[in-house]
Structures are given as C-alpha cells and as structure tokens.
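Peer 1: next one to model:
(one chain, ligands or ions: 2)
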Amino acid sequence: MSRALLSLGSNLGDRLAFLQSAVDAVRPAVVAVSSVYETKAWGVEDQPDFLNAVVLVDDPARDHWDWLRTGQAAEQAAERVREVRWGPRTLDVDIVTVDGVRSDDPQLLLPHPGTPERASVLIPWLEIEPAAVLPGHGPVADLLAARPASDRDSVRLTSFVLA
Ligand SMILES: Nc1ncnc2c1ncn2[C@@H]1O[C@H](COP(=O)(O)OP(=O)(O)OP(=O)(O)O)[C@@H](O)[C@H]1O
Ligand SMILES: Nc1nc2c(c(=O)[nH]1)N=C(CO)CN2
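Peer 2: Ligands and ions are numbered 1, 2, ... in the order given. The predicted structure follows:
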C-alpha cells in the first residue's frame, strides 16, 4: 500500500492545463482531486498568482521514490525550467506525505517540510480529507487554524475543475 498526497502548483502559461497534465500522469491511482485554488505567491512574492490543487493517490505497487519520479517526469513534460528557488514555474509537483513515511534524505524529505506553513496546501487537503493528520505535526485543521488570517485569505476557491 502506498497512499500519497501530491501538491500541484503552476503560475506560468496555461496553468490549468499544467495542473491537469499532472493529474493525467497519475490517473489510474487517483483517489480524490481537490478543487483548484488561486493563491498569492509565498516565498518570492513578486511573481504571478499560482493555481494550486492537491491529489490523493493510492497504488500498492509504488513506493515514495516512485511518486517522486512520477512527479518529476510530469514537471519535465511541462517543460519546467529550474531557475530561481520558489520562483515562477509551469508545474511544481511536491510529495507532501506517503503513508507514515519519514525521510530526511534531501532528495525526498517526508513529510514535505514546507507543509505546515502553506495554506495553499492545507486548504485543498482539508477539502478532500477533513480529518487529515500530517505525520509528526498533528491535525491539518489545527495547522491551518494556526496560520494568520492573511495566509488563509491569500487562497481563493476558483470554478476551474480538474477532470
Ligand atoms: N517531498 C518532496 N517532494 C518533491 N521534491 C522534493 C521533496 N523533498 C525533497 N525534494 C527535492 O527538492 C528538489 C525540487 O525542489 P524544487 O525546485 O521543486 O523546490 P521548490 O518547489 O522551489 O521548493 P519547495 O520544495 O520548498 O516547494 C528536488 O531535487 C527533489 O528531489
Ligand atoms: N501560492 C504559492 N506560492 C508558491 C508556490 C505555490 O505552489 N503556491 N510554489 C512555489 C515554489 O515552490 C513558490 N511559491
């Protein structure tokens, strides 16, 4: 069993199409896909708004490294150019959690260390798993409640739909 939560982000080009391409890359394993949210950029703030979503996947045949490779292949297919840390990108696929796996390998940190601070991940995650728990950090609802209101307000539900 390997159940993973992937976070998807795009702020360059046809953002919705790039998010859809990531969902397509994991299609047979998809358990749930969140709505699409438009979010103010964190990290490097002077860049276009992102579209963000999360997808829950399950495939007993895959381990956490397989999910990383799949995400990176989707990023490459989106012709992502790696330039600035936290800078603009056609597609970002982060592996948020894989079962209860903890990893401090820099190639695959699990859970993804940015998660507790990112309303752009916590809000869509709660939408599809209201009782979600981030291993080592506690209930996702509590993590979101701990964020300043400005963070929560920087995430807006859109009417875009991922198929
Ligand atoms: N949980 C993870 N999910 C995806 N990539 C990870 C994870 N942990 C470590 N990495 C590594 O991070 C690198 C990718 O970094 P990337 O350029 O996407 O960072 P970023 O998206 O700018 O920042 P952040 O990781 O804080 O969202 C890859 O080399 C990958 O191996
Ligand atoms: N709102 C938002 N901001 C970001 C995002 C993202 O997905 N959403 N990804 C980044 C690069 O990792 C940098 N900043």
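
Peer 1: residue of this structure nearest ligand 2, please.
Peer 2: As assessed by Cβ to the nearest ligand atom, ligand 2 sits closest to Gly9 within the chain, at 2.7 Å. Where you see a C-beta, it was placed from the backbone N, CA and C, and this is true even at glycine.

Peer 1: pull the longest helix from this structure.
Peer 2: If you go by DSSP state H, the chain has its longest helix at helix 64-77.

Peer 1: what about it, near ligand 2?
Peer 2: No - contact of helix 64-77 with ligand 2 is not found when judged by Cβ under 6 Å from any ligand atom; the minimum separation is 11.0 Å.

Peer 1: now that helix: how far from the chain's centre is it?
Peer 2: Offset of helix 64-77 from its chain centre (Cα atoms, centre = their mean, to the nearest Å): 13 Å.

Peer 1: strands paired with the next helix or strand after that helix, and their directions?
Peer 2: Moving toward the C-terminus from helix 64-77, the next helix or strand (DSSP states H and E) is strand 92-98. Strand pairing for strand 92-98, using DSSP bridges, gives strand 3-10 (antiparallel).

Peer 1: what mean pLDDT does the longest helix of the chain have?
Peer 2: Per-region confidence: helix 64-77 scores 96 on mean pLDDT.

Peer 1: cool, stretch 117-137 as well?
Peer 2: 97.

Peer 1: end to end on it, go ahead and measure it.
Peer 2: Its start and end residues considered, stretch 117-137 measures 11 Å (Cα to Cα, to the nearest Å).

Peer 1: which residues sit against it?
Peer 2: Stretch 117-137 is contacted from outside by 5, 7, 9, 32-35, 37, 39, 42, 50, 52-54, 56, 94, 96-97, 100-102, 111, 114-116, 139-141, 143-144, 147, 151-152, 154-155, using Cβ atoms under 8 Å, 6 or more residues apart in numbering.

Peer 1: how about it, does it get close to ligand 1?
Peer 2: No - using Cβ under 6 Å from any ligand atom, stretch 117-137 stays clear of ligand 1, coming no nearer than 8.2 Å.

Peer 1: only the buried residues of that stretch, if you could.
Peer 2: Buried residues in stretch 117-137, counting neighbours by 16 or more other Cβ atoms under 10 Å, are found at 118-129, 132, 134.
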